[in-house]
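Enquirer: 3D, please:
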Amino acid sequence: MDTGLHAQSDTVDDPPAGGPPERPSAVATSGTGTGLAADETLEDYTLRFAPRSYRRWTPMVVATTALGGIAYLADFSIGAGIGLAHGTGNALAAIAVAAAVIFVTGFPLAYYGARYNIDLDLITRGSGFGYYGSVLTSVIFASFTFIFFALEGSIMAQGLKLGLGLPLWLGYLVSTLMVIPLVIYGMKALSKLQVWTTPVWLLLMVGPLVYLIATDPGTVNRFLSYAGSDGDGGVNTASVLLGVGVCLSLIAQIGEQIDYLRFMPPKTEANRRGWWTAVIMAGPGWVVLGALKQAMGVFLAVYILSEVGPVAATEPIQQFRGAFDAMMPSWLVVPLAVVLVVISQIKINVTNAYSGSLAWTNSVTRVTKHYPGRMVFVLVNLAFALILMEADMFSFLNNILGFYSNCAIAWVVTVATDIGVNKYLLKLSPHAPEFRRGMLYAVNPVGVVAFVAASGLSIAMYFHALGDTLQPYSPVAAALIAFVVTPLMAVVTKGRYYLRRTDDGIDEPLLDAEGNPAATTYECHVCRQEFERPDLAACRTHDAVVCSLCLSTDKAGDHVLPAEPATAG
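Expert: As a prediction, the model looks like this:
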């Protein structure tokens, strides 16, 4: 189908490093709800492909921004909780196993997001779930962001109580409200925040550990020999797997990494090495630092255990207070510990609020066909997080994370398997990314069946429905079932339910000669804004093109292309 349109420009130079360009002010439109999204500097390409004209950062700036988002101190609590319960040996084994799984599954997702400049929800749509099928996983990811926002907010409130004497309920409120101004402007503000705060954060986090090991080598022996409250000092499978389940609750963190990696510049021969380095570091590589922080959490918890007791030993503010106390004057200890906690909380919770707003907006816009604006869901996500904090979620942290990990593992492994196996090995899943309404089936049984089977059975195992012996194996079951069922369903369905259409009605290829998304711009005839080639499809009723958001908000379906005859029905 020929649209009869000419592109606004044929070439776009590779963008220079630095901040994003200014965009036009919002243009009011009617019927679609897209006027609110026209100012993409504010809305940060919430529901769509991130265009080349906006991606002006270098690979290393994007990587630094993405890695700044993993400054959270929850890892210290997670590692401490596992170590105090099961002993150092089991904790370190669990951390290592979980890190390996997270790295392997995160790699294809990070590559796909950085290469094709789309977030994890848009990846999920075309990787086995379908246009509406991925709404379920968007909600799961959104819940991940407010669960971890609440966890980090709780840690900050503990710091504010120790340093300033604020009651916890007020600390929860402060930690929630203070991120709103920072998250409003998305990547533009977050890149500056993460780059400038990372050196201070690294110094405060790593310095005390190095000092303790250098001045008191006996701390290492005590750490390695700690047996845990439930263990005998040996390594056993059940304890390791219970720890793995808690650690794997972090597997969905790759979604937040991709929310930054989608702003990577095009991959070329000139930047190939730097591009790959940035993607690996900031994509699956986040888990290397995460695993180290979990191990540090075990170390610091054992170090302060005799002084503060097992409950307080899992609190990062207490861990760093104890570490700082060994290396500096007493008057400086608490202020520095509070500074570390506050910097860490701000760095991660602006990311949690940002990514959660993207996930909620994606889901609600598709279901209601109305775009309410990203900021609405920043506030919704913060409200959920505040409720969890006021309910004292920190006291039953491992139970929440252990349950949640089953859903997160099933989702991430399903999508990673579809990309790695179904796309690249079996070639039953389309290689090029697809996320536009009309191009995808509403529901693809490949991913949906695999996800439901994996999460359903693993949750049943987690709640002892299949016996006490199998309970620790629930995360393993979630991963294995998703890994097996995803390609099996692709073979059974012969890949029929991936694409509703193979032709989007625009003659220009989706990808350029180097395999990057084409940068030619066209004007959407609904909202009258210009968008790059991958974000548009031909209109059903006009000799024109329509952007992906206008397609999503088309309640009557007037602009949505019909199914091709070969796939209709």
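
Enquirer: Now do the strands in this structure.
Expert: In order along the chain, the chain carries the following strands (DSSP state E): 521-523, 530-532, 536-538, 545-547.

Enquirer: nearest to residue 129, of those?
Expert: Between residue 129 and the strands of the chain, the shortest gap by Cβ to Cβ is with strand 536-538, which sits at 19.3 Å. C-beta here means a position set from N, CA and C on the backbone, and glycine is covered the same way.

Enquirer: Direction included, what does the closest one pair against?
Expert: strand 545-547 (antiparallel) (DSSP bridges).

Enquirer: and the partner strand, how far out from the chain's middle?
Expert: 28 Å (Cα atoms, centre = their mean, to the nearest Å).

Enquirer: can you check stretch 217-229 too?
Expert: For stretch 217-229, the distance between its averaged C-alpha position and the chain's averaged C-alpha position is 34 Å (Cα atoms, centre = their mean).

Enquirer: next one: stretch 47-58
Expert: In this view, stretch 47-58 has its centroid 18 Å away from the chain centroid, taken as Cα atoms, centre = their mean.

Enquirer: thinking residue 319 is in contact with residue 300, fair?
Expert: Yes. With contact defined as Cβ atoms under 8 Å, residue 319 counts as touching residue 300 (3.8 Å).

Enquirer: Spell out which residues are contacts of both of those two.
Expert: Taking Cβ atoms under 8 Å, 6 or more residues apart in numbering as the contact rule, the neighbours common to residue 319 and residue 300 are 76, 80.

Enquirer: Of all the strands of the chain, which one is nearest residue 402?
Expert: Of all these, the one in closest proximity to residue 402, counting by Cβ to Cβ, is strand 545-547 (41.6 Å).

Enquirer: Now for residue 330, how many residues are close by?
Expert: With neighbours defined by other Cβ atoms under 10 Å, the count for residue 330 comes to 8.

Enquirer: Could I get the pLDDT score of it?
Expert: Among the per-residue scores, residue 330 shows a pLDDT of 84.

Enquirer: cool, and residue 399?
Expert: Model confidence at residue 399, expressed as pLDDT, equals 73.

Enquirer: Run a quick neighbour tally on the closest residue to residue 98 other than its chain neighbours.
Expert: The shortest distance from residue 98 to any non-neighbouring residue, by Cβ to Cβ, 6 or more residues apart in numbering, is to residue 247 (3.4 Å). With neighbours defined by other Cβ under 10 Å, the count for residue 247 comes to 29.

Enquirer: now do residue 361
Expert: When neighbours are defined as other Cβ under 10 Å, residue 361 has 26 of them.

Enquirer: That one against residue 379, yeah?
Expert: No. With contact defined as Cβ under 8 Å, residue 361 and residue 379 do not form a contacting pair (11.8 Å).

Enquirer: re the thing from before, for the residue nearest to residue 98, give me its contacts.
Expert: The contact partners of residue 247, taken as Cβ under 8 Å, 6+ apart, are 78, 82, 94-95, 97-99, 294, 405.

Enquirer: What segments of the stretch 51-200 of the chain are helices?
Expert: Under the criterion DSSP state H, counting those that start in this stretch, the stretch 51-200 of the chain carries helices at the ranges 59-68, 74-86, 88-116, 120-124, 135-164, 168-177, 180-183, 186-215.

Enquirer: Looking at the ones you listed, spot the one closest to residue 468.
Expert: Among the helices of the stretch 51-200 of the chain, helix 74-86 comes nearest to residue 468, with 16.5 Å by Cβ to Cβ.

Enquirer: how big is the angle separating the closest one from helix 88-116?
Expert: 150 degrees (axes from the mean of the first three to the mean of the last three Cα atoms, to 10 degrees).

Enquirer: still on that earlier bit, show me which of the contacts of residue 247 is closest to residue 342.
Expert: residue 78 (19.9 Å).

Enquirer: what separates that closest one from residue 324, distance-wise?
Expert: Going from residue 78 to residue 324 by Cβ to Cβ, to the nearest Å gives 21 Å.

Enquirer: Can you pick out the residue with more neighbours from those two?
Expert: Neighbours around residue 78 and residue 324, counted as other Cβ under 10 Å, are more numerous at residue 78. The numbers are 30 against 22.

Enquirer: Hmm, that one is touching residue 291, no?
Expert: No. Between residue 78 and residue 291 no contact is recorded; they are 10.5 Å apart, counting by Cβ under 8 Å.

Enquirer: in the stretch 51-200 of the chain, which ranges drop under the pLDDT threshold?
Expert: Judged against pLDDT under 70, the low-scoring parts of the stretch 51-200 of the chain cover residues 69, 182-198.

Enquirer: swap the cut-off to 90 and go again
Expert: Within the stretch 51-200 of the chain, the ranges that satisfy pLDDT under 90 run 53-58, 60-75, 136, 138-165, 175-200.

Enquirer: for the stretch 401-550 of the chain, same thing?
Expert: Residues of the stretch 401-550 of the chain that meet the criterion pLDDT under 90 lie in 401-405, 432-433, 463, 466-473, 475-476, 513, 527-529, 549.

Enquirer: where exactly do the helices run in it?
Expert: Listed in chain order (using DSSP H, counting those that start in this stretch), the helices of the stretch 401-550 of the chain are 445-462, 474-493, 548-552.

Enquirer: Likewise for the stretch 251-400 of the chain?
Expert: For the stretch 251-400 of the chain, the helices defined by DSSP H, counting those that start in this stretch cover 253-261, 272-282, 286-308, 316-325, 330-368, 374-390, 397-417.

Enquirer: highest average neighbour count across these?
Expert: Among the helices of the stretch 251-400 of the chain, ranked by average contacts under mean count of other Cβ atoms under 10 Å, first place goes to helix 253-261 (a mean of 28).

Enquirer: Contacts for that one, please.
Expert: The contact list for helix 253-261 (Cβ under 8 Å, 6+ apart) reads 62, 65-66, 69-70, 102, 105-106, 109-110, 113-114, 119-120, 123, 141, 144-145, 187, 190, 279, 282-284, 286-287, 290, 351-352, 354-355, 358-359, 412.

Enquirer: go with 7 Å
Expert: Helix 253-261 is touched from outside by 62, 65-66, 69-70, 106, 109-110, 113-114, 119-120, 141, 279, 282-283, 286, 351, 354-355, 358, 412, with contacts defined as Cβ atoms under 7 Å, 6 or more residues apart in numbering.
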